[in-house]
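Attaching a predicted model along with its sequence, questions to come.
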Amino acid sequence: MIVVIIVVVVVLILALGLWGAYNALVKKRNRTQEAWSEIDVELKRRHDLIPNLVSTVEGYASHERGTFEAVTAARANAVSAGATGDPTKIAPAENALSGALRSLFAVAENYPQLRAVESFVQLQETLTATEDKIEYARRYYNTSARDYNVSLQSFPRNLIAGSFHFTTVAFFGADDTDRAVPEVTFPGSDIPNASAPPAGPPPATGEQGPPPAV
């Protein structure tokens with residue numbers, strides 16, 4: 001009888017441990033997904049601002065066509081990368097877009113009359129605020145992804161992770177230099193925003209969609 005009781009107690013302890021570990025993984029996965037969705041929203045806002053920005057600058061420096069085309073192409077690549085939901089593809093594309101935007105603002109610096117335009121100034125402020133939000137969201141996501149990945153790889157949760165198909169997620173890297181892009185805002189601009197929806201949370205290895213949160 002005592003043996004039976006001991007066995008029952010051991011089984012209950014193991015069940016409770018499994019339950020707790022599983023819930024902890026789910027919580028971290030959900031937190032990571034939530035963090036990625038914040039990046040997603042800000043990247044979309046950034047993409048939406050760019051067509052207005054290009055149109056405004058182009059009105060004062062139409063001969064800088066090469067710069068405008070580079071920004072437009074970089075934006076298209078960023079939108080395409082975003083559709084993959086893979087941070088290892090999204091980050092380089094967004095960094096390239098930041099570099100193209102720096103070139104565009106360098107052009108704007110040569111036109112004092114453009115820098116005096118209220119819509120351009122507002123656009124710049126909005127873009128700057130968006131860049132700050134992206135950086136904050138990126139740090140939060142990477143912290144969440146780190147905690148989640150560590151949990152997946154730690155014993156005994158790694159045993160549970162494999163059984164329930166939890167997989168690690170990739171970090172969203174960003175070059176601080178590329179991030180330093182002047183922000184721009186176009187309140188009152190009549191130019192429509194042509195943007196594609198940003199991709200969902202990034203899977204790290206073969207997963208589709210954002211990482212499981214725990």
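Okay, I see it.

what are the ranges of the helices in this protein?
Counting by DSSP state H, the chain has helices at residues 2-58, 65-84, 87-109, 112-115, 118-153, 157-163, 176-179.

residues of the third one that come out buried?
Of all the residues in helix 87-109, those buried under the rule 16 or more other CB atoms under 10 Å are 87, 89-101, 103-105, 107-108. Using the backbone N, CA and C atoms, a C-beta is placed for each residue, glycine as well.

In this structure residue 130 contacts residue 44, no?
No. The pair residue 130 and residue 44 fails to qualify as a contact (CB atoms under 8 Å) at a distance of 9.8 Å.

Now for residue 137: which residues touch it?
35, 38-39, 42 (CB atoms under 8 Å, 6 or more residues apart in numbering).

Any buried residues in stretch 40-56, and which?
By 16+ other CB under 10 Å, the buried positions in stretch 40-56 come out as 40, 42-54, 56.

quick check, nearest of those to residue 70?
residue 54 (10.2 Å; CB to CB).

just checking, that closest one touches residue 72?
Yes. Between residue 54 and residue 72 there is a contact at 6.4 Å, judged by CB under 8 Å.

pLDDT below threshold where in this protein?
Applying pLDDT under 70 to the chain picks out residues 174-214.

Spatially central residue in it, please.
Geometric centre of the chain, nearest residue: residue 39, 3.5 Å, by CA atoms, centre = their mean.

just wondering, since we're on it, how far is it from residue 60?
With the distance defined as CB to CB, to the nearest Å, residue 39 ends up 32 Å from residue 60.

what's the residue nearest to residue 17 when sequence neighbours are not counted sitting at in phi/psi?
Leaving aside its sequence neighbours, residue 17 sits nearest to residue 156 (CB to CB, 6 or more residues apart in numbering; 7.7 Å). Residue 156 adopts backbone torsions of phi -100, psi 10, taken as degrees, to the nearest 10.

And for residue 156, the neighbour number?
10 (other CB atoms under 10 Å).

got it, and residue 135?
By the measure other CB under 10 Å, the count of residues near residue 135 is 15.

So the nearest residue to residue 120 once chain neighbours are set aside versus residue 94, what's the distance?
Leaving aside its sequence neighbours, residue 120 sits nearest to residue 56 (CB to CB, 6+ apart; 5.4 Å). From residue 56 across to residue 94, the span is 21 Å (CB to CB).

For residue 152, see how far away residue 88 is.
18 Å.

Over to residue 45?
In terms of CB to CB, residue 45 sits 31 Å off from residue 152.

now residue 135
Distance, residue 135 to residue 152, using CB to CB: 26 Å.

I'd say residue 71 and residue 104 touch.
Yes. The pair residue 71 / residue 104 is scored as a contact, 5.2 Å apart, by CB under 8 Å.

Show me the common contact partners of the two, please.
Between them, residue 71 and residue 104 share the contacting residues 53-54, judged by CB under 8 Å, 6+ apart.

so who does the residue lying closest to residue 70 once chain neighbours are set aside touch?
Among residues not flanking residue 70 along the chain, residue 100 sits closest, at 4.9 Å (CB to CB, 6+ apart). When contacts are counted by CB under 8 Å, 6+ apart, residue 100 touches 67, 70-71, 73-75.
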